[in-house]
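Trainee: pasted the sequence and its predicted model underneath.
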Amino acid sequence: MGEVELSRSRLKIAMRTLRSDRGVSLVVVIMLMVIILTITAAGMFFSGIDLRVSANYKAGTQAFYAADAGVSDGFARVGLNPITIPRTTLATPSGELTYCGGPLQLTDNCNAPQPSKLYSINSASGYNVVQGTGYNQAGYAFYQYQINVTGLGPLASAREVEAQVEYGPVPR
């Protein structure tokens with residue numbers, strides 16, 4: 001009988017230990033820590049993505065403005081003959097930006113720049129260059145060019161800008 005009594009008393013002690021609230025706070029604290037760490041890790045992950053997105057946006061914007069500078073350069077060179085916009089490197093505080101005539105290229109060089117094309121020649125007979133002067137019976141011509149420029153920026157970003165430029169009036 002002594003062993004049975006001892007076994008019953010151990011069972012009662014074990015049952016009382018299982019029913020007590022001791023240790024519950026440790027489990028709750030561990031669960032809260034897991035939740036907080038998960039939220040923190042997700043926040044850090046998404047903020048890293050936002051930083052990459054904004055860096056890509058900045059690089060794309062810089063490439064666009066490099067292409068825009070190329071269009072301005074092409075516009076300044078427009079004349080009676082089609083032109084080729086050269087490869088030009090722009091020195092900027094954040095590094096180098098490049099523009100070159102031609103199709104979009106994802107490399108750092110412009111192997112075969114595409115010349116600007118003479119798109120059309122539009123005639124206007126009797127066009128008056130300046131009010132009251134410059135009248136020409138044969139008419140005048142307006143040369144319309146298509147300028148394609150690729151801007152290359154940091155992070156291998158590239159933007160292509162195409163512009164239509166009209167040069168004239170030129171006496172016929």
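Mentor: Noted; the coordinates are in hand. What you are looking at is a predicted structure, and each value in this text was computed from that prediction instead of being measured.
Trainee: how about stretch 160-171: buried residues?
Mentor: By neighbour count on 16 or more other CB atoms under 10 Å, the buried set for stretch 160-171 is Glu160, Val161, Ala163, Val165, Tyr167, Gly168, Pro169. Bear in mind the C-beta positions are built from the backbone N, C-alpha and C, glycine included.
Trainee: can you show me the helices along this structure?
Mentor: Taking DSSP state H, the helices of the chain run over residues 2-19, 24-77.
Trainee: pLDDT (mean, whole number) over the shortest one?
Mentor: This points to helix 2-19. What helix 2-19 shows for mean pLDDT is 69.
Trainee: ok, now the longest one?
Mentor: In this model, helix 24-77 has a mean pLDDT of 88.
Trainee: which other helices and strands contact that helix?
Mentor: With contacts defined as 3 or more CB pairs under 8 Å, 6 or more residues apart in numbering; DSSP states H and E, helix 24-77 has these neighbours: strand 88-92, strand 95-101, strand 140-152, strand 158-171.
Trainee: ok, which of those strands comes nearest Asp21?
Mentor: Closest to Asp21 of those, according to CB to CB: strand 95-101, at 63.4 Å.
Trainee: what does that closest one rub up against?
Mentor: For strand 95-101, the external contacting residues (CB atoms under 8 Å, 6 or more residues apart in numbering) are 62-63, 65-67, 69-70, 73-74, 84-90, 108, 110, 113-116, 147-154.
Trainee: angle of it against strand 158-171?
Mentor: With axes from the mean of the first three to the mean of the last three CA atoms, to 10 degrees as the basis, strand 95-101 and strand 158-171 are set at 50 degrees to each other.
Trainee: how about the CA coordinates for strand 95-101, as CSV?
Mentor: Taking C-alpha atoms only, strand 95-101 is exported to CSV below (Å, rounded to 0.1, in the frame of the first residue of the first chain):
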residue,chain,number,x,y,z
GLY,A,95,29.0,60.5,-62.2
GLU,A,96,28.9,60.4,-66.0
LEU,A,97,25.9,60.4,-68.2
THR,A,98,26.1,59.7,-71.9
TYR,A,99,24.0,60.4,-74.9
CYS,A,100,24.3,59.1,-78.5
GLY,A,101,22.2,59.1,-81.6
